[in-house]
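Undergrad: kindly return the folded structure for what I paste below:
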Amino acid sequence: ILFKLLSVLPSERMVTLRYPNHKIAIFDQENPLTPNEAFNGTNRGRTGATNDCFLASIDDWGTYSHTDRGIIEQEKTFLNLDNRYVVQGGETCNPSSFDDCPNALNELERMRWSALNYKPSDATEIIEDWENQGCLEEIKRRLGYRFRIVKSVTPTRVKPARTFSIQLEIINEGWASPYNPRPLEIILRHRVTRREYHLPIDEDPRMWMPGSTQVINAVTRTPDTIETGTYDVFLNLPDPAPQLYNHPDYSIRLANQNLWEASTGYNSLLTSLIVN
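TA: Predicted coordinates for the structure are as follows:
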């Protein structure tokens, strides 16, 4: 069933399994995915995890294959490393002694959660507990990736048909990284004519791990026929699908205040570039 699902889905999409020991058994591989295997299109590299009863019992009602803490720890360690490159999602279940905020935050971070069903019928009490204990907003904020630009350095002037450098520092304050392909590009937009130039940057945001800061030294080039004038500079992380590329709802919004341009899905670098 797993292989059939993977075969009919686009090659960059993933399927999740309920039990981590099933992934180990199906692929006969006890080791988690390595960086060299990340996003390589294999069935193993496209198989993520779903926890159907998060924090509902010591073993999350069978998510882990045994109630022995040693075995649970082994499987959690596997997920912690494997989930660097595949998606982890799921939902809560019944209330338990394991679902208080400190443990919930620790487990969500450790397993690199990207998605959590907010309204399963039997989880209302847990969600209310998280809200009362003060961690629900952090959970909402840190599920998946959360990119914040720390620093950007751009030139003030450049000539047509010339290379130039842009330095970016971007921190991921979320619990996971993107699991679908995502391009990165610099947008130059002429302040008068509004003409745009899209300059691709060779980066893979799927590799921007939680808690890490990416220092990107991008070298790009102004087009030969670029108009002279003053340009606003933007960072863009659009959906790569042609039908969604220009749809702002599918672009990544940085966590910084006052950078997001809702009409385009661009993130302003709050700087200008003169081409002359």
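Undergrad: what helix or strand is the residue nearest the centre of the chain on?
TA: In the chain, the residue lying closest to the centroid (Cα atoms, centre = their mean) is P178, at 2.4 Å. Secondary structure from DSSP states H and E places P178 outside every helix and strand.
Undergrad: I figured it was touching M207, is that so?
TA: No - under the criterion of Cβ atoms under 8 Å, P178 makes no contact with M207, lying 9.2 Å away. For glycine as for every other residue, the C-beta is placed from the backbone atoms N, C-alpha and C.
Undergrad: picking up where we left off before, how much space between the residue nearest to the centre of the chain and D239?
TA: Taking Cβ to Cβ, to the nearest Å as the measure, P178 falls 11 Å from D239.
Undergrad: again with V192
TA: 29 Å.
Undergrad: more crowded one of those two?
TA: D239 (20 against 9; other Cβ atoms under 10 Å).
Undergrad: per-residue confidence for that one?
TA: D239 is assigned a pLDDT of 98 by the prediction.
Undergrad: next one: the one 10 residues further on
TA: pLDDT, the model's per-residue confidence, is 97 for D249.
Undergrad: so where is this structure shaky, pLDDT-wise?
TA: 120-121 (pLDDT under 70).
Undergrad: and the longest helix along it, which residues are buried?
TA: Counting residues, the longest helix in the chain under DSSP state H turns out to be helix 69-82. If you call a residue buried by 16 or more other Cβ atoms under 10 Å, then helix 69-82 has these buried ones: 72, 74-76, 78-79, 82.
Undergrad: over to stretch 113-120?
TA: The neighbour-count criterion (16+ other Cβ under 10 Å) identifies 113-116, 120 as the buried residues of stretch 113-120.
Undergrad: off-centre distance for it?
TA: Stretch 113-120 has its average C-alpha position 15 Å from the chain's average C-alpha position, going by Cα atoms, centre = their mean, to the nearest Å.
Undergrad: residues in contact with that stretch?
TA: Applying Cβ atoms under 8 Å, 6 or more residues apart in numbering, the external contacts of stretch 113-120 come out as 54, 87-93, 108, 123, 127, 139, 143-145, 175-176, 179.
Undergrad: CA atoms of that stretch as PDB?
TA: The C-alpha coordinates for stretch 113-120 follow below in PDB (Å, rounded to 0.1, in the frame of the first residue of the first chain):
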ATOM      1  CA  TRP A 113       6.800  18.600  14.200                       C
ATOM      2  CA  SER A 114       5.500  20.400  11.100                       C
ATOM      3  CA  ALA A 115       1.700  19.900  11.500                       C
ATOM      4  CA  LEU A 116      -0.700  19.300  14.400                       C
ATOM      5  CA  ASN A 117      -4.400  18.700  14.000                       C
ATOM      6  CA  TYR A 118      -5.900  21.500  16.100                       C
ATOM      7  CA  LYS A 119      -9.400  20.100  16.500                       C
ATOM      8  CA  PRO A 120      -9.600  16.400  16.900                       C
END
